[in-house]
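Undergrad: just a sequence and a predicted model for now, questions to come.
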Amino acid sequence: MATMIIESERTKAASGKTYEVRNPATGEVVDEVPFGDVADVDRAAQAAAKAFTTWSKLAPNKRAEILHKAARNMLAKVEEIAPILTKEQGKTLLESRIEAQRFGENIAWFADLADKVHGEHVALPDTTTYGLVVRRPIGVCGAIVPWNFPLTLAANKVAPAIAAGNTVVLKPASTTPLATLACIEALIEGGLPEGVVNVVLGPATGDAIVGHPLIRKIALTGSTPTGRKVMARAAEALKKVTLELGGSDPCIVLDDADLEAAARAISVGRFFNCGQACLAVKRLYVQEAAYAPLMEKLVARASKLKPGNGLDKDSRMGPMHTETQRAEVEAQVKDAVDRGAKLLYGGGRPKGAEYEKGWFIEPAILENVPDGARMWTEEVFGPALPVRKIKDLDEGLRLANDSQFGLGSSIWTGNMAAARRAVSELEAGYTWVNALQIAHDELPFGGTKQSGFGKEHGVEAFLQYTEEKSVVYGGV
Ligand code: NAD
């Protein structure tokens, strides 16, 4: 049975309760884990607060050295960790390997910043004084993570937090705790001091983290409704929050685009991770002359995405993570079809004995999806893509911005002026121009509108795990 990680203890829940983690491809039990609650979060927060007193005072170059060593130890275990992630989450082994690799690389990327980001000197009017702005870690930080990318989304929070000298109470999604535990254990084995990152498990631990008085900042990746609840609860104690929430990323393809490259990026953008991605291509707007050739290429690509158990090497798309999640996407596709949309590809469940026990679904591409259909107005968190023909860039930009969300966006065109307009007018935290939707470590990532606020990745994320303090030295 897996256990929580609280300081040096590998511990069960105080209540003794447990729950099962199941494989979305087979329904089999992967492991039993502690069902933690407020009491466990309290122990973890106390442990993190104790660790903060030493971790925050370490010389930053020493912190960097420890984190690099810990990351190397974790990266040496990618092949061990990837199958654990596939079994609990459903994604293919290739996708799990990429994710586990990104976890370790992210820790190393932020370790590099630990002794490089600094405050500043400010000249003051009285020349016998001088001013400084110093940056200090915040304290204990809460990290709350969803199930779609359990490792990268945990690293996005843990890596900048600990590099800046904070300590963490981390809560993975209830259905995907196991690979996260393995990653944190590997960091500790590689030299990360006990108590710097603590892991609590169970659905009730999220709210307990947000409400705990010792925890000073909350970083959540989750749905928009959860973001609203977390922000309201965090407001009670005036905690800082970073909210990475839902998205419905538009993609515009103009007639002069490189359609082969666009088709590849759209296919990866929509179908990677069985469509369960925040940054993705979720609404596609295509100019008239590009429409038919692009659809042909997209259908050809979708037809090669063989669904299957993520552990089988010929599977190209794992199952959906849960039954509810699959039912939601199927209902969104049905709503579009009932309103008159046409399925260009897929839209059902794959047939065969190997699919009967898992939450498998075929990739789907739909055209003529009418205005007001759920696929346009809601987040589609699965492998289904609504497509619409547009006359020109004006229409594309208007439709792209007609959404409550503002996470990512992309445009494919050979025209620099069109690209420039899209960059300035698309209401989103990220715009890719003729490029695959990869969230780079180097660039700040975060949404606008109902997709949340605050940044992960980049120097900006590191800064958000520090507080500035002004200092005046007199009589100098
Ligand atoms: P969710 O909001 O249901 O849960 C996310 C996490 O929050 C889980 O660990 C959950 O236990 C916890 N949680 C739920 N209610 C809480 C509460 N009241 N207080 C504290 N914690 C609480 O989301 P999900 O279904 O696990 O994940 C899918 C959602 O995440 C999608 O909307 C997706 O777009 C979004 N997402 C966003 C990004 C991004 O970076 N913007 C990345 C990936 C996923």
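TA: Okay, I see it.
Undergrad: how far does stretch 21-35 sit from its chain's centre?
TA: 22 Å (CA atoms, centre = their mean, to the nearest Å).
Undergrad: OK, contacts around the closest residue to the ligand within the stretch 1-150 of the chain?
TA: When scored by CB to the nearest ligand atom, the stretch 1-150 of the chain has residue 146 as its residue closest to the ligand, at 3.1 Å. All C-beta spots, glycine's among them, are computed from the backbone N, C-alpha and C. When contacts are counted by CB atoms under 8 Å, 6 or more residues apart in numbering, residue 146 touches 153, 173, 221-223.
Undergrad: inside strands: which ones of those residues?
TA: residue 221 (DSSP state E).
Undergrad: out of the contacts of residue 146, who's nearest the ligand?
TA: residue 222 (2.7 Å).
Undergrad: any idea how many residues pack against the closest one?
TA: 23 (other CB atoms under 10 Å).
Undergrad: excluding its backbone neighbours, what's nearest it?
TA: residue 146 (5.1 Å; CB to CB, 6 or more residues apart in numbering).
Undergrad: could you do residue 266 as well?
TA: residue 281 (4.9 Å).
Undergrad: any idea whether the one you found is helix, strand or coil?
TA: coil (DSSP: H, G, I helix; E, B strand; the rest coil).
Undergrad: that one and residue 271 touch, don't they?
TA: No - Residue 281 lies out of contact with residue 271 (CB atoms under 8 Å); the separation is 9.2 Å.
Undergrad: in which helix or strand does the residue of the stretch 1-150 of the chain closest to the ligand reside?
TA: Assigning secondary structure by DSSP states H and E places residue 146 outside every helix and strand.
Undergrad: just residue 19 next, same as before
TA: In the assignment (DSSP H and E), residue 19 maps to strand 18-22.
Undergrad: check the gap between the most centrally placed residue in the chain and residue 296 for me.
TA: In the chain, the centroid-proximal residue (CA atoms, centre = their mean) is residue 153; its distance is 4.1 Å. Shown here: residue 153 relative to residue 296, a distance of 35 Å by CB to CB, to the nearest Å.
Undergrad: still on that earlier bit, show the pLDDT at the residue of the stretch 1-150 of the chain closest to the ligand.
TA: For residue 146, the pLDDT comes out at 98.
Undergrad: same check, this time on residue 475
TA: For residue 475, pLDDT reads 87.
Undergrad: quick check on it: phi, psi?
TA: Main-chain dihedrals, residue 475, degrees, to the nearest 10: phi 60, psi 40.
Undergrad: ends of stretch 240-257, what's the gap?
TA: Length of stretch 240-257, first residue to last, CA to CA, to the nearest Å: 42 Å.
Undergrad: which of the residues in it are buried?
TA: Of the residues in stretch 240-257, 241-254, 257 count as buried by neighbour count, 16 or more other CB atoms under 10 Å.
Undergrad: now do the SS call for the one residue in the stretch 201-350 of the chain that gets nearest to the ligand.
TA: Using CB to the nearest ligand atom, the single residue of the stretch 201-350 of the chain nearest to the ligand is residue 206, 2.3 Å away. On the three-state scheme (three-state DSSP), residue 206 is labelled helix.
Undergrad: and for the closest residue in space to it that isn't next to it in sequence, the neighbour number?
TA: Excluding its sequence neighbours, the residue lying closest to residue 206 (CB to CB, 6+ apart) is residue 144, at 5.0 Å. Neighbour count of residue 144, defined by other CB under 10 Å: 24.
Undergrad: touching, residue 144 and residue 223? I think so.
TA: No - counting by CB under 8 Å, residue 144 does not reach residue 223; the two are 11.5 Å apart.
Undergrad: quick check: residue 344 touching residue 363?
TA: No - in this structure residue 344 lies outside contact range of residue 363 using CB under 8 Å: 10.7 Å.
Undergrad: residue 157 touches residue 171, doesn't it?
TA: No - proximity of residue 157 to residue 171 does not meet the contact threshold set by CB under 8 Å, at 10.3 Å.
Undergrad: joint contacts of these two?
TA: 143, 145.
Undergrad: using PDB, write out every CA atom in the biggest helix by length in the chain.
TA: If you go by DSSP state H, the chain has its longest helix at helix 93-113. Taking Å, rounded to 0.1, in the frame of the first residue of the first chain, the C-alpha atoms of helix 93-113 are listed here in PDB:
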ATOM      1  CA  LEU A  93       4.000   5.000 -22.100                       C
ATOM      2  CA  LEU A  94       5.500   7.500 -24.600                       C
ATOM      3  CA  GLU A  95       3.400  10.300 -23.100                       C
ATOM      4  CA  SER A  96       4.300   9.100 -19.500                       C
ATOM      5  CA  ARG A  97       8.000   9.100 -20.300                       C
ATOM      6  CA  ILE A  98       7.800  12.700 -21.700                       C
ATOM      7  CA  GLU A  99       6.000  13.800 -18.600                       C
ATOM      8  CA  ALA A 100       8.300  12.200 -16.100                       C
ATOM      9  CA  GLN A 101      11.300  13.600 -17.900                       C
ATOM     10  CA  ARG A 102       9.700  17.100 -17.800                       C
ATOM     11  CA  PHE A 103       9.300  16.700 -14.100                       C
ATOM     12  CA  GLY A 104      13.000  16.300 -13.500                       C
ATOM     13  CA  GLU A 105      14.000  18.900 -16.000                       C
ATOM     14  CA  ASN A 106      11.700  21.400 -14.500                       C
ATOM     15  CA  ILE A 107      13.300  20.900 -11.000                       C
ATOM     16  CA  ALA A 108      16.700  21.400 -12.600                       C
ATOM     17  CA  TRP A 109      15.600  24.500 -14.600                       C
ATOM     18  CA  PHE A 110      14.400  26.300 -11.500                       C
ATOM     19  CA  ALA A 111      17.400  25.100  -9.500                       C
ATOM     20  CA  ASP A 112      19.500  27.200 -11.900                       C
ATOM     21  CA  LEU A 113      17.600  30.300 -10.900                       C
END
